[in-house]
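Novice: Any chance you could fold what I've pasted below:
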Amino acid sequence: NNSYQLSSLPLHILLYVNGVYYIFYFLATLAMIIYKSQVFSYPDEFLVPDLAVLFLMAVLEVPRLYLGFKGNLTEAEAPLGLSLGLTVGSVLLCVYLLLWQSYVLWADVLLNAVLLASYGLESGLKVTAIAAFVS
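Specialist: Model (predicted):
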C-alpha cells in the first residue's frame, strides 16, 4: 500500500496563478488589439488572424488548466501529459502573438514573455510530476 502523496504543490499553485494571469493576459491583449485597430491602420485581413489566435488560445487554456489540475490531484500521468501537449500548442500561439502579429507593442512583449516563462516553469513541473507518478 503506497501512502505517499506524489502530487505537486508547486505545480498546483502555478496552475492556479497561470489561470488568474491568463484572464488578465487575455483581457489586456484583446484591449491592445482593439487599441491598435483604432490607432494604426490595421487591415482586416491581419486583424482577423490576430483575434482568432487570441480566442483559440483562450479555448485551449480551459482544458489545459483543467487537465493539469486533474492530473496533478489524481496523480495520473495521462491528463498531465495531455495538458503538457496543450501547453505546447499554447506556447506556439503565444510566440505568434509575440513575433508575428501585425503590430507588437512593448506591452505585448512583456505580457507574452511572462506567459512564456510561466509555461516553461509549469512544463518543467509537469514533467517532474509525471516522472514521480510513473516511478
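
Novice: quick one: Gly68 from Ile130, how far?
Specialist: The gap separating Gly68 from Ile130 is 11 Å, by Cβ to Cβ, to the nearest Å. Just so you know, the C-beta spots here come from the backbone N, C-alpha and C atoms, and that holds for glycine as well.

Novice: Mutual contacts of these two, please.
Specialist: With contacts defined as Cβ atoms under 8 Å, 6 or more residues apart in numbering, the residues adjacent to both Gly68 and Ile130 are Leu80.

Novice: which residues touch Leu54?
Specialist: Leu54 touches Phe26, Thr29, Leu30, Ile33, Leu97, counting by Cβ under 8 Å, 6+ apart.

Novice: The fourth one: what secondary structure?
Specialist: Right, the one you point to is Ile33. helix (DSSP: H, G, I helix; E, B strand; the rest coil).
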